[in-house]
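Enquirer: have a look at this fold, sequence not included:
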């Protein structure tokens, strides 16, 4: 590798890690304050809040990488400008396009490493973080997941427990549903079957419900049950997708397609490539910066 390539790469990497360290420190402090606020009425040790803050920091840093790259570029050119090193490169015959090409390859390589390695690393930490923190959250008794067999919901309300399975979401309706209702001792009270349930509100309207109660069977045109879920909440089941690695995202996207609600996964998958997208704008910034300094 030529000397000037090593020199430019070293400056860019040093600027990157400098900005990354500052942002990581700020994120950790903000996380710690957030965890202290969350556990203010719960007796836990300070070490546990520190541990949770460390677990949650990588996923937050990943979301900030476009901004980190932008600041890195600014620090990079500030250093070159202050030391008149761009002028030296110019008089040595090094074109601006060569500098851009070097930074482009370096940025692309770093973005690939961040997406493949750092993201999976941060997703595992985030998953462990949510697992630990959910033990202290009142939402622990509510559960909703999407699998290849459709949507599964476990809901606990008014001393009753519901296990709900639906094959599809269409508009604000659950399609092809089977509900098992338990008491607080997990003894079966009844089973409900319906082709369509209106979930626009937290009081669900079950149409043409088939009710199985021991050996009895009846049908009701309209049956209402109270739940903790509505359409809006179900649509945001995986709003915290940062706890899933790349392979889990693709698997979950296929499950969402079967359930007819894959838009959220598409947005998350696209966000993984934000670093690549931001680089396009960064190249314009690089060109304008070099041209401005060259004119001076």
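Expert: Nice, thanks for sending it over. Everything numeric here is computed off the predicted structure, so don't read it as measured data.
Enquirer: in the host helix or strand of residue 168, what's buried?
Expert: In this assignment (DSSP states H and E), residue 168 forms part of strand 160-170. Residues of strand 160-170 classed as buried: 161, 162, 163, 164, 165, 166, 167, 169 (neighbour count, 16 or more other CB atoms under 10 Å). Heads up, the C-betas are built off the backbone N, CA and C, glycines and all.
Enquirer: can you list the strands that the helix or strand following that strand pairs with?
Expert: Moving toward the C-terminus from strand 160-170, the next helix or strand (DSSP H and E) is strand 173-183. Using DSSP bridges, the strands paired with strand 173-183 in its sheet are strand 160-170 (antiparallel), strand 188-198 (antiparallel).
Enquirer: give me phi/psi at the residue at the greatest distance from the centre of the chain?
Expert: Distance from the C-alpha centroid of the chain, by CA atoms, centre = their mean, peaks at residue 91 (47.3 Å). Main-chain dihedrals, residue 91, degrees, to the nearest 10: phi -70, psi -20.
Enquirer: also the one 3 residues further on?
Expert: Per-residue torsions, residue 94: phi -80, psi 120 (degrees, to the nearest 10).
Enquirer: find the nearest non-adjacent residue to it, please.
Expert: residue 4 (6.2 Å; CB to CB, 6 or more residues apart in numbering).
Enquirer: which SS state does the one you found fall under?
Expert: helix (DSSP: H, G, I helix; E, B strand; the rest coil).
Enquirer: and for it, the neighbour number?
Expert: 16 (other CB atoms under 10 Å).
Enquirer: how much space separates it from residue 96?
Expert: Distance, residue 4 to residue 96, by CB to CB, to the nearest Å: 13 Å.
Enquirer: Three-state assignment for residue 217, please.
Expert: strand.
Enquirer: wait, what's in contact with it?
Expert: Taking CB atoms under 8 Å, 6 or more residues apart in numbering, we find residue 217 in contact with 210, 211.
Enquirer: what sits opposite it in the beta ladder?
Expert: residue 212.
Enquirer: what does the model give it for pLDDT?
Expert: Listed pLDDT for residue 217 reads 82.
Enquirer: so how far is residue 191 from it?
Expert: Counting by CB to CB, the gap from residue 217 to residue 191 is 10 Å.
Enquirer: overlap in contacts, the two.
Expert: Both residue 217 and residue 191 are in contact with residue 211, where contact means CB under 8 Å, 6+ apart.
Enquirer: element containing residue 47, please.
Expert: helix 46-63.
Enquirer: list the helices and strands that helix packs on?
Expert: Applying 3 or more CB pairs under 8 Å, 6 or more residues apart in numbering; DSSP states H and E, we find helix 46-63 packed against helix 3-38, helix 119-133.
Enquirer: could those helices go into JSON lines alongside distance to residue 104 and mean pLDDT?
Expert: JSON lines is the format used below for those (distance: least, CB to CB, whole Å; pLDDT from 0 to 100):
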{"stretch": "helix 3-38", "distance to residue 104": "11", "mean pLDDT": "90"}
{"stretch": "helix 119-133", "distance to residue 104": "21", "mean pLDDT": "78"}
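Enquirer: nearest to residue 110, of those helices?
Expert: helix 3-38 (7.4 Å; CB to CB).
Enquirer: tell me which strands and helices that closest one is in contact with?
Expert: So helix 3-38, by 3+ CB pairs under 8 Å, 6+ apart, packs with helix 46-63, helix 65-82, helix 96-113.
Enquirer: select, out of these, the one closest to residue 135.
Expert: Comparing these by CB to CB, helix 46-63 comes nearest, at 10.8 Å.
Enquirer: got the angle for the closest one vs helix 3-38?
Expert: Put simply, helix 46-63 runs at 130 degrees to helix 3-38, going by axes from the mean of the first three to the mean of the last three CA atoms, to 10 degrees.
Enquirer: can you list contacts of helix 46-63?
Expert: Taking CB under 8 Å, 6+ apart as the rule, helix 46-63 contacts 20, 23-24, 27-28, 31-32, 34-36, 39, 68, 114, 118-119, 121-123, 125-126, 128-129, 132-133, 242-243, 271.
Enquirer: quick check on those: which are buried?
Expert: 20, 23-24, 27-28, 31-32, 35, 39, 68, 114, 118-119, 122-123, 125-126, 129, 133, 242-243.
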